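Peer 1: Quick one, structure for this:
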Amino acid sequence: MSESAKEYLTRVGQLCIDKMQDHLPLDQEVPRRLHEAMRYSMFAGGKRLRPCLAYAAWETFEGQGDKIFYATSALEMLHTFSLIHDDLPCMDDDDFRRGNPTAHKQYDEATAVLAGDALCILAFELLAKTERIETITTMAKSLGTHGMIGGQIIDIESEGKDVDLDTVKYIHYHKTAALIESSLLVGAQIAGASLAEQEIFLNYGRNIGLAFQIIDY
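Peer 2: Numbers count the residues shown, from 1 in each chain. So this is what the prediction gives:
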């Protein structure tokens, strides 16, 4: 019997979670409170969609070895970093995420900021271990002023205003689709896919990301 999409996501998601355990500092390590906040946020639930997409792309191109798991952990760390910062009082000011207190409520605002920062930095340390410089470039572009952070500032500036469709598309692409798109691209890059093959997955990821944002809106 063939594996359903849900079964695949569950199986691969658990593989990725197991590796995340190894890639994060233990909460007993100093500074304990910071490490506790990082692990609390990382294991607060979620679909693990981005790691699963990276793994699926890597598997499609018959990737070898286990370096893909550096990328899957990095992707989830970067996604979690963005959620921690999104929930802060200066952003969306949310008290709960996935039914649990947000990081700044469970700990405090300063700890939440530093936990997000630490996850972002650790993610790039892990991406460097893939020994694929293009993965670092891909992820940096998806997060920077022409990526997620750019989308976030436009979203903030648009609050309470009537915005046109182009602005909505800009926000949706940059805040959500860019990271999903990059998840597939990084998986393909680590597997050694050609530039033409990477372009196919780039377009596919962009469409998935926009659809995901529309459903989640």
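
Peer 1: Could you count how many residues lie near Gly46?
Peer 2: 18 (other Cβ atoms under 10 Å). C-beta: built from backbone N, CA, C; applies to glycine.

Peer 1: and Gly150, what is it in contact with?
Peer 2: With contact taken as Cβ atoms under 8 Å, 6 or more residues apart in numbering, Gly150 is in contact with Gly144, His174.

Peer 1: what does the model give it for pLDDT?
Peer 2: According to the predicted model, the pLDDT of Gly150 comes to 94.

Peer 1: Figure out the helix or strand that the residue most central in space within the chain lives in.
Peer 2: By Cα atoms, centre = their mean, the mean C-alpha position of the chain lies nearest to His79, the distance being 2.9 Å. According to DSSP states H and E, His79 maps onto helix 68-86.

Peer 1: Just the CA atoms of that helix, as PDB, please.
Peer 2: Provided in PDB are the C-alpha atoms of helix 68-86 (Å, rounded to 0.1, in the frame of the first residue of the first chain):
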ATOM      1  CA  ILE A  68      19.900  17.200   4.700                       C
ATOM      2  CA  PHE A  69      19.100  17.100   8.400                       C
ATOM      3  CA  TYR A  70      21.300  20.100   9.100                       C
ATOM      4  CA  ALA A  71      19.000  21.900   6.700                       C
ATOM      5  CA  THR A  72      15.800  20.500   8.100                       C
ATOM      6  CA  SER A  73      16.700  21.600  11.600                       C
ATOM      7  CA  ALA A  74      17.900  25.000  10.300                       C
ATOM      8  CA  LEU A  75      14.600  25.600   8.500                       C
ATOM      9  CA  GLU A  76      12.500  24.800  11.600                       C
ATOM     10  CA  MET A  77      14.800  27.000  13.700                       C
ATOM     11  CA  LEU A  78      14.300  29.900  11.300                       C
ATOM     12  CA  HIS A  79      10.600  29.400  11.200                       C
ATOM     13  CA  THR A  80      10.400  29.300  15.000                       C
ATOM     14  CA  PHE A  81      12.600  32.400  15.300                       C
ATOM     15  CA  SER A  82      10.100  34.300  13.100                       C
ATOM     16  CA  LEU A  83       7.200  33.100  15.200                       C
ATOM     17  CA  ILE A  84       8.800  34.100  18.500                       C
ATOM     18  CA  HIS A  85       9.400  37.600  17.200                       C
ATOM     19  CA  ASP A  86       6.000  37.800  15.500                       C
END
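
Peer 1: by contact count, what packs against it?
Peer 2: If you count contacts as 3 or more Cβ pairs under 8 Å, 6 or more residues apart in numbering; DSSP states H and E, helix 68-86 packs onto helix 5-23, helix 32-42, helix 49-60, helix 109-128, helix 133-143, helix 178-191.
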